[in-house]
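> Take a look and give me a structure for this.
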Amino acid sequence: MIKKLTIAFSITICFANPLLAQQWSYANVKFEGQYVAEVYTMKVENGQLTNDSVLSSVKSFDDRNYVVEEVEKEGLRERNVYDSEGRILIRTAYYYDRKPMAARKTENEYVNGLQSSTTYYDWKNKAWLKEDKTLNTYKFNKKGQVIQETLVNEAGEKYFDAYTTYDPKYKPVKPYYDKFGNLHLPGGKETAVVMEGDTMHFNCYEHDATGKVLQFIYKYKDRSTNAAYSYEYDAAGLLIASSYTSGTRFDSRNEFEYNSDGRLIVERELVPGANDELVLVEELHYHYLPKLNKEK
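Numbering: from 1, shown residues only. The predicted model follows:
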């Protein structure tokens with residue numbers, strides 16, 4: 001049994017040291033988001049925090065707390081544009097080591113499903129190349145739950161069909177991708193991903209009464225477990241912890257803390273150490289600037 005390592009500290013103390021640890025400037029960056037946070041990586045030795053830290057990135061957020069941009073020491077890393085429902089319309093990734101130059105841009109359209117196309121920059125040939133579009137289409141039942149998802153490419157070739165079964169007591173929610181890239185369908189109990197009539201694998205879900213995913217398990221076609229993800233939420237519905245297990249081996253646990261406005265302030269990663277005790281390996285502190293970005 002994995003035991004949780006409890007790490008208690010004062011937020012005031014946490015932020016006192018990082019403010020003295022800034023080692024690079026982002027003064028010339030024009031952020032698009034309403035809120036800006038400096039993200040500090042705290043130095044960890046033998047599972048314990050020290051009094052040292054380094055500014056690892058700066059992120060800007062919109063008024064819904066969605067990340068709009070991420071900047072690192074080498075320059076702009078990523079920029080996101082969302083629609084009114086919080087879905088990503090455009091995600092642009094940038095090179096670190098040269099003047100603002102996009103490396104890859106993904107554009108999404110939400111009409112009768114999700115249509116996604118990607119453009120990337122071929123630095124060697126100095127040219128932009130566009131990849132084929134892919135289209136995820138969905139069929140819904142009367143409760144608004146996805147009962148079938150189909151992925152095809154621009155030529156109409158089918159990649160897979162995903163058939164989902166449901167437990168009727170679960171409240172329908174919108175499909176979403178978690179931070180690991182796993183697709184969660186509304187209220188779905190099990191999804192069979194099928195290619196050319198043959199089951200490729202199963203996505204299995206456990207939900208709470210509000211429809212939030214408590215556990216997601218990826219199983220091979222023989223029903224053996226490939227990976228399992230579990231999620232914990234606070235009373236406000238914010239994700240406070242997630243754990244990842246690979247096969248039968250517990251891999252890692254991530255924990256999150258928020259301020260009174262629901263903005264992330266602490267993010268930590270723990271992994272199993274001796275006697276399966278969880279050991280802290282990384283901790284990030286988010287320090288939100290007192291002024292709105294437009295005043296910078």
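
> what does whatever helix or strand residue 152 lives in contact?
According to DSSP states H and E, residue 152 maps onto strand 146-153. Strand 146-153 is touched from outside by 132-141, 158-164, 166, 175, 183, 185-186, 188, 191, with contacts defined as C-beta atoms under 8 Å, 6 or more residues apart in numbering. Any C-beta I mention is one placed from the backbone N, CA and C, and that applies to glycine too.

> Below-threshold pLDDT in the protein: ranges please.
Where the chain drops to pLDDT under 70, the residues are 1-23, 96-102, 291-296.

> Of all residues in it, which one is nearest the centre?
Centroid check for the chain by C-alpha atoms, centre = their mean gives residue 179 as the closest residue, at 2.2 Å.

> Tell me what the nearest residue to that one once chain neighbours are set aside is bridged to.
Leaving aside its chain neighbours, residue 179 sits nearest to residue 242 (7.4 Å; criterion: C-beta to C-beta, 6 or more residues apart in numbering). With DSSP bridges as the criterion, residue 242 is bridged to residue 231, residue 254.

> ok, of the contacts of strand 146-153, which come out buried?
The neighbour count (16 or more other C-beta atoms under 10 Å) marks 134-136, 138, 160-164, 166, 175, 183, 185-186, 188, 191 as buried among the contacts of strand 146-153.

> Need the max-distance pair from those.
Pairwise distances across the buried ones among the contacts of strand 146-153 peak at 25.6 Å for 134 and 166 (criterion: C-beta to C-beta).

> surely the residue nearest to the centre of the chain meets residue 244?
No: between residue 179 and residue 244 there is no contact under C-beta atoms under 8 Å: 10.5 Å.

> what pairs with the strand holding residue 152, and is each one parallel or antiparallel?
In the sheet, strand 146-153 lines up against strand 134-140 (antiparallel), strand 158-166 (antiparallel) (DSSP bridges).

> Pull out the buried positions in the lengthiest strand in the chain.
Secondary structure of the chain per DSSP state E: the longest strand is strand 48-61. Judged by neighbour count (16+ other C-beta under 10 Å), strand 48-61 contains these buried residues: 49, 53, 55-61.

> Export the residues you listed as JSON lines, with columns for distance to residue 118.
Converted to JSON lines, the buried residues of strand 48-61 look like this (distance: C-beta to C-beta, whole Å):
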{"residue": "49", "distance to residue 118": "39"}
{"residue": "53", "distance to residue 118": "36"}
{"residue": "55", "distance to residue 118": "31"}
{"residue": "56", "distance to residue 118": "27"}
{"residue": "57", "distance to residue 118": "24"}
{"residue": "58", "distance to residue 118": "26"}
{"residue": "59", "distance to residue 118": "23"}
{"residue": "60", "distance to residue 118": "23"}
{"residue": "61", "distance to residue 118": "25"}
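
> how close does residue 203 get to residue 84?
28 Å (C-beta to C-beta, to the nearest Å).

> more crowded one of these two?
residue 203 (20 against 6; other C-beta atoms under 10 Å).

> The more buried one and residue 60, how far apart?
33 Å.

> Same question for residue 48.
Separation of residue 48 from residue 60 (C-beta to C-beta) stands at 31 Å.

> before we move on, what about residue 173?
The value you get for residue 173 to residue 60, if C-beta to C-beta is used, is 27 Å.

> got it, and residue 283?
22 Å.

> Residue 196 - how many residues pack around it?
8.

> Quick one: residues contacting it.
Residue 196 touches residue 158, counting by C-beta under 8 Å, 6+ apart.

> residue ranges of the helices in the stretch 101-250 of the chain, please?
Ranges of helices within the stretch 101-250 of the chain: none, based on DSSP state H, counting those that start in this stretch.

> Would you map the strands across it?
102-110, 114-122, 127-130, 134-140, 146-153, 158-166, 176-177, 183-184, 188-195, 198-207, 213-220, 225-233, 239-246, 249-258 (DSSP state E, counting those that start in this stretch).

> could I get the ones you listed as CSV with distance to residue 80?
As requested, those are arranged in CSV below (distance: least, C-beta to C-beta, whole Å):
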stretch, distance to residue 80
strand 102-110, 10
strand 114-122, 14
strand 127-130, 20
strand 134-140, 19
strand 146-153, 22
strand 158-166, 25
strand 176-177, 13
strand 183-184, 18
strand 188-195, 26
strand 198-207, 25
strand 213-220, 22
strand 225-233, 22
strand 239-246, 18
strand 249-258, 19
